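Trainee: What shape does this take:
(one chain, ligands or ions: 1)
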Amino acid sequence: MKFSVSSKGDSVSDKLKSRIDTYLQDFGLKMDEEEPDIVISVGGDGTLLYAFHKYSHRLDKTAFVGVHTGHLGFYADWVPEEIEKLVIAIAKTPYQTVEYPILEVTVRYLNGNQEEKYLALNECTIKSTEGSLVADVEIRGELFETFRGDGLCMSTPSGSTAYNKALGGAIIHPSIRAIQLAEMASINNRVFRTVGSPLILPDHHTCVIKPLNDVDFQITIDHLTLLHKEVKSVECRVASEVVRFARFRPFPFWKRVVDSFIGKKE
Ligand code: NAP
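Mentor: So this is what the prediction gives:
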């Protein structure tokens, strides 16, 4: 089996990475940065986002596992003290995997430029670079509302605990194949009206956001920020691809929610 270890880049994560590299090679596994079967991300949830994008072209052939060197993560559940245990578990293949839905984003342009496709593990956000974002929101080909405000966020279930949560979105269990649209400070008055609530779309519904103001747009895909000019539409849907996590023990999602946001009662 081929593996690769991605580090956050701080000294603690780098040291851990080199220990994992050595242990796994001692077990006869082959280090392969280009075509790994398993990617061990050492750092935090942000590090796993980077690893996901590095290997997003081969998600069907790569499983991910996260070791956190900071606070408990949603994607990173192993702690540094457990790496011997983790390495043994990885070496004893085959392991189980769980699949989480991800988001497919297609940006189309007015100037005839080739459309761009992206996959997001957490979310895609759309903001105007100048003033408010004014955009028609279409669901399944029908106009749903005209949005005016700071921006829109379309998240995955596993990304629902990230930016989406800060926008008042619901936390969605990652076993549900859905995407969630959350508003960023919509303007609501007698002229402009939006639903105001986050919307959860099933995997056979597509949402298309069509900007109405003639400005540039800042589109984020997880940690990546891209400037897009002459945007005709941004289409979001549950991707046909999934992200796969290697699981060596139970890692209940609701327990992660409690541990991260509520904590233990005294
Ligand atoms: P960052 O601003 O350095 O860190 C964002 C924080 O979000 C980190 O604490 C990260 O955890 C955490 N995080 C990432 N994915 C998560 C998830 N699925 N559930 C719960 N927490 C999560 O940015 P970054 O490290 O490059 O990560 C990019 C992400 O930041 C975006 O995908 C977006 O979700 C998030 N973000 C959040 C807000 C907000 O909440 N207002 C605003 C902008 C962006 P670790 O410390 O473990 O890495």
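
Trainee: Sheet partners, orientation included, of the host helix or strand of Ala246?
Mentor: Using DSSP states H and E, Ala246 sits within strand 231-247. The pairing partners recorded for strand 231-247 under DSSP bridges are strand 63-68 (parallel), strand 96-109 (antiparallel), strand 207-211 (antiparallel).

Trainee: For the ligand, tell me whether the helix or strand that the shortest one is followed by is touching it.
Mentor: Following the chain from strand 207-211 toward its C-terminal end, the next helix or strand by DSSP H and E is strand 217-221. No. Strand 217-221 stays out of contact with the ligand when judged by Cβ under 6 Å from any ligand atom, the minimum separation being 7.1 Å. For the C-beta atoms, the positions are set from N, CA and C on the backbone; glycine is no exception.

Trainee: Only the buried residues of whichever helix or strand comes after strand 217-221, if you could.
Mentor: Per DSSP H and E, the first helix or strand lying C-terminal to strand 217-221 is strand 224-228. Counting neighbours by 16 or more other Cβ atoms under 10 Å, one finds that the buried residues in strand 224-228 are His228.

Trainee: now swap in stretch 203-218 and tell me
Mentor: Residues of stretch 203-218 classed as buried by neighbour count (16+ other Cβ under 10 Å): His205, Thr206, Cys207, Val208, Ile209, Lys210, Pro211, Phe217.

Trainee: likewise stretch 244-253?
Mentor: Buried, per 16+ other Cβ under 10 Å, within stretch 244-253: Arg244, Phe245, Ala246, Phe248, Phe253.

Trainee: partners of the second one in the sheet?
Mentor: Spelled out, it's Phe245. So, taking DSSP bridges as the rule, Phe245 has Phe64, Val98 as bridge partners.

Trainee: Touching, it and Thr62? I think so.
Mentor: No. With contact defined as Cβ atoms under 8 Å, Phe245 does not count as touching Thr62 (10.5 Å).

Trainee: Show me the common contact partners of the two, please.
Mentor: Common contact partners of Phe245 and Thr62 (Cβ atoms under 8 Å, 6 or more residues apart in numbering): none.

Trainee: contacts for the helix or strand where Val42 lies?
Mentor: Counting by DSSP H and E, the element that carries Val42 is strand 38-43. Applying Cβ under 8 Å, 6+ apart, the external contacts of strand 38-43 come out as 1-10, 13, 16-17, 20, 47-48, 50-51, 54-55, 62-70, 75-76, 86, 90, 246.

Trainee: Briefly note if it comes near the ligand.
Mentor: No. Strand 38-43 lies apart from the ligand when judged by Cβ under 6 Å from any ligand atom; the minimum separation is 6.7 Å.

Trainee: Centre of the chain to that strand, how far?
Mentor: 15 Å (Cα atoms, centre = their mean, to the nearest Å).

Trainee: moving C-terminal of it, what's the next helix or strand?
Mentor: Next along the chain after strand 38-43, taking DSSP H and E as the criterion, comes helix 45-54.

Trainee: Report how many residues lie close to Glu33.
Mentor: Close neighbours of Glu33, defined as other Cβ atoms under 10 Å, add up to 13.

Trainee: Shouldn't it be within a strand?
Mentor: No. Counting by DSSP: H, G, I helix; E, B strand; the rest coil, Glu33 is not found in a strand; it is coil.

Trainee: Looks like it contacts Lys2 (just checking).
Mentor: No. Under the criterion of Cβ under 8 Å, Glu33 is not in contact with Lys2, lying 9.4 Å apart.

Trainee: Going by neighbour count, which residues in stretch 96-104 are buried?
Mentor: So for stretch 96-104, counting by 16+ other Cβ under 10 Å, buried means Tyr100, Pro101, Ile102, Leu103, Glu104.

Trainee: Tell me which of the strands paired with strand 231-247 approaches Ser260 most closely.
Mentor: With Cβ to Cβ as the measure, strand 63-68 is the member of the strands paired with strand 231-247 nearest Ser260 (11.1 Å).
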